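Novice: Below is the sequence, then the predicted model.
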Amino acid sequence: MTRKLTIFFFAAAVLAAGCGVGSPARNTRTGLLTGVAPVADAEVAVIEMEDAPKYGTITLELYSNVAPRMVAQFKALAKEGVYNGTTFHRINPSVIQGGDPLSKDENPSNDGTGRSNKPNVPAEFTDIPYDTGILGAARGSDINSANSQFFITLQREPGFDKNYTIFGKVIDGMENVKAIAAVTPKVGERPVDPVRIKTITIKPKG
């Protein structure tokens, strides 16, 4: 009887695996992963602003379990210092956006058009909702064009759901995100006086 039960459970496990039961999969066409809750990495990203008295620091947890490629790219760029000296070049009621290496130069007209020298990251969309404080990967019209730029949401944005890769969330310093969002004056969405990131550091959580 024991041997028969063992064979039965083994066969059931094989059948379940073949049907995808309990194994959420990403849609290869849309990049969408559903039914998976975000799990925070053992490391966090700490954004330290140049004007610390005004803007302080922002701490982000990162979600490698749902967006492994984007998290890996973000961590690599941070460790290489690519984000140091970049600005939050786009600020509107929905987001603050930064991470463009071109925002380091003296030409503000090209801010938002740049990327790192690393390859673009394929879409890693999920059904996690875009609530306040979500860290998302900015991209162009091509869903697979995320690279170095990122944004932090200022409010619930249902229109972003399943359309932009979520790879983290603010866990400390949301008041500083709001301080950045309140900056004036602006030309369109770009602050006249650069709101500059001093460093983004990857550190062990806690």
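Specialist: Yes, it's here. Residues are numbered from 1 along each chain as shown.
Novice: pretty sure Glu124 contacts Leu33?
Specialist: Yes: using C-beta atoms under 8 Å, Glu124 is in contact with Leu33, at 7.0 Å. Every C-beta, even on glycine, is put in place using the N, C-alpha and C of the backbone.
Novice: what touches both of these two?
Specialist: 26, 66 (C-beta atoms under 8 Å, 6 or more residues apart in numbering).
Novice: Which one of those two is surrounded by more residues?
Specialist: Counted by other C-beta atoms under 10 Å, Glu124 and Leu33 do not tie: Glu124 has more neighbours, with 24 against 20.
Novice: How about that one, nearest residue that isn't a chain neighbour?
Specialist: Ala67 (4.1 Å; C-beta to C-beta, 6 or more residues apart in numbering).
Novice: Could you point out the helix or strand that follows the helix or strand of the chain with the lowest mean pLDDT?
Specialist: Lowest by mean pLDDT, DSSP states H and E among the helices and strands of the chain is helix 2-19, with a mean of 36. Per DSSP states H and E, the first helix or strand lying C-terminal to helix 2-19 is strand 32-33.
Novice: Tell me the first helix or strand C-terminal of that following strand.
Specialist: Next element after strand 32-33 (DSSP H and E): strand 43-49.
Novice: Now do the buried residues in that next one.
Specialist: 43-49 (16 or more other C-beta atoms under 10 Å).
Novice: Ok, stretch 98-116 next?
Specialist: Applying 16+ other C-beta under 10 Å to stretch 98-116 flags 98-104, 108, 111-112, 114-116 as buried.
Novice: quick one: contacts of it?
Specialist: 73, 77, 82-83, 85-90, 97, 138, 147-151, 187, 190, 194, 197.
Novice: Can you give me the end-to-end span of that stretch?
Specialist: 13 Å (C-alpha to C-alpha, to the nearest Å).
Novice: for stretch 144-155, same thing?
Specialist: Using C-alpha to C-alpha, the two ends of stretch 144-155 sit 25 Å apart.
Novice: mean confidence for it?
Specialist: The average pLDDT for stretch 144-155 rounds to 98.
Novice: for stretch 47-64, same thing?
Specialist: 98.
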